[in-house]
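In: show me the folded form of this:
(one chain, ligands or ions: 1)
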Amino acid sequence: MTKTGKGYKGIGMEGPIARWYDTNNGKAPDRYDEQVATVRRHAPKGSRILEVAPGPGYLSIALARTGDYTVTGLDISETFVAIAQGKALEAGVPVDFRHGNASDMPFADGAFDFLICCAAFKNFADPAGALREMRRVLRDGGSGLIVDLRRDVSKEAVEQDVARMGMGVLSRAFTTFALRRFLPRRAYTKAGFEALVSKAGFGSYEVRQTPMALEVELRK
Ligand SMILES: C[S@@+](CC[C@H](N)C(=O)[O-])C[C@H]1O[C@@H](n2cnc3c(N)ncnc32)[C@H](O)[C@@H]1O
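Out: As a prediction, this is how the structure comes out:
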């Protein structure tokens, strides 16, 4: 397990980068409604949910708002943890946003019934360690969902996705460039993810593809 090191690939998301990401993602609330609906299909009422790498915390807060779940978030960016804690306070919902590394989680074995990790896995410096930790913190029979950019994403899929985000011209150009040029280099193909997850010791897993993403369903 990587207990030292920065934990992520590239420059990380602190300070102005985190604030820029927060501003732009706040303009696409539909995205989080869809994610809540997805979690509802997987996690029954009363589930203890962990969001790995929640960033500004929109999904975790939306899940807590339902009143059906106990929600915890774990992110390596101190700026994002502070932003997310502030938003939860403002929304008046209880989410336990913690600072920490996906490959060295500060949680007991079996602490969660369900976990979700969106748009983040490709950034982890120790992906095998993160999967090992995800398995450890899930209870027996618990399940998880990882959703992240696919390495072989098409230009058309990126353009459609970015158009939905409702961003200004500059942010749109930068986001398109990032999703087309440098982020896919970190991302996984279906076969690449299957090779990784097959070694993580889950009882079962399935890797599906959408035009933008890989959706990885895990069961302990
Ligand atoms: C692109 S953001 C995605 C945020 C959010 N899940 C979303 O869908 O908007 C990637 C997130 O991964 C986090 N991250 C990167 N490496 C991490 C690690 N090793 N452990 C925990 N979080 C990490 C970053 O700080 C950032 O919040």
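In: how about stretch 195-207: buried residues?
Out: For stretch 195-207, the neighbour count (16 or more other C-beta atoms under 10 Å) marks 196-197, 200, 202, 205, 207 as buried. All C-beta spots, glycine's among them, are computed from the backbone N, C-alpha and C.
In: sitting in strands, which of the residues you listed do you find?
Out: Secondary structure assignment by DSSP state E places 205, 207 of these in strands.
In: you'd agree residue 176 is in a helix?
Out: Yes: with DSSP: H, G, I helix; E, B strand; the rest coil as the criterion, residue 176 is located in a helix.
In: any idea how far it is from residue 9?
Out: Between residue 176 and residue 9 the distance, using C-beta to C-beta, to the nearest Å, works out to 20 Å.
In: compare neighbour counts for these two and give me the winner.
Out: Per other C-beta atoms under 10 Å, whichever of residue 176 and residue 9 has more neighbours is residue 176, with 18 against 14.
In: does the more buried one really touch residue 161, like I thought?
Out: No: under the criterion of C-beta atoms under 8 Å, residue 176 lies out of contact with residue 161, with a separation of 9.2 Å.
In: which parts of this structure are helices?
Out: With helices called from DSSP state H, the chain shows them at 15-25, 29-42, 58-65, 78-91, 127-137, 155-164, 169-177, 183-186, 190-197.
In: packing partners of the fourth one?
Out: Secondary structure elements in contact with helix 78-91, counted by 3 or more C-beta pairs under 8 Å, 6 or more residues apart in numbering; DSSP states H and E, are helix 15-25, helix 58-65, strand 70-75, strand 95-99.
In: switch the cut-off to 6 Å
Out: Of the remaining helices and strands, those touching helix 78-91 by 3 or more C-beta pairs under 6 Å, 6 or more residues apart in numbering; DSSP states H and E are helix 15-25, helix 58-65, strand 95-99.
In: got the contact list for the first one?
Out: It refers to helix 15-25. The contact list for helix 15-25, computed with C-beta atoms under 6 Å, 6 or more residues apart in numbering, reads 56, 77, 79-80, 83, 167, 171.
In: with these in mind, which one is nearest to the ligand?
Out: Ranking the contacts of helix 15-25 by separation from the ligand, with C-beta to the nearest ligand atom as the measure, puts residue 77 on top at 3.5 Å.
In: the ligand contacts on this protein?
Out: When proximity is defined by C-beta under 6 Å from any ligand atom, the chain lies next to the ligand at 7-8, 13, 25, 53-55, 74-77, 80, 101-103, 118-120, 123-124.
In: quick one: buried ones out of these?
Out: Burial by neighbour count, judged by 16+ other C-beta under 10 Å, picks out 7-8, 13, 25, 53-55, 74-77, 80, 101-103, 118-120, 123-124 from these.
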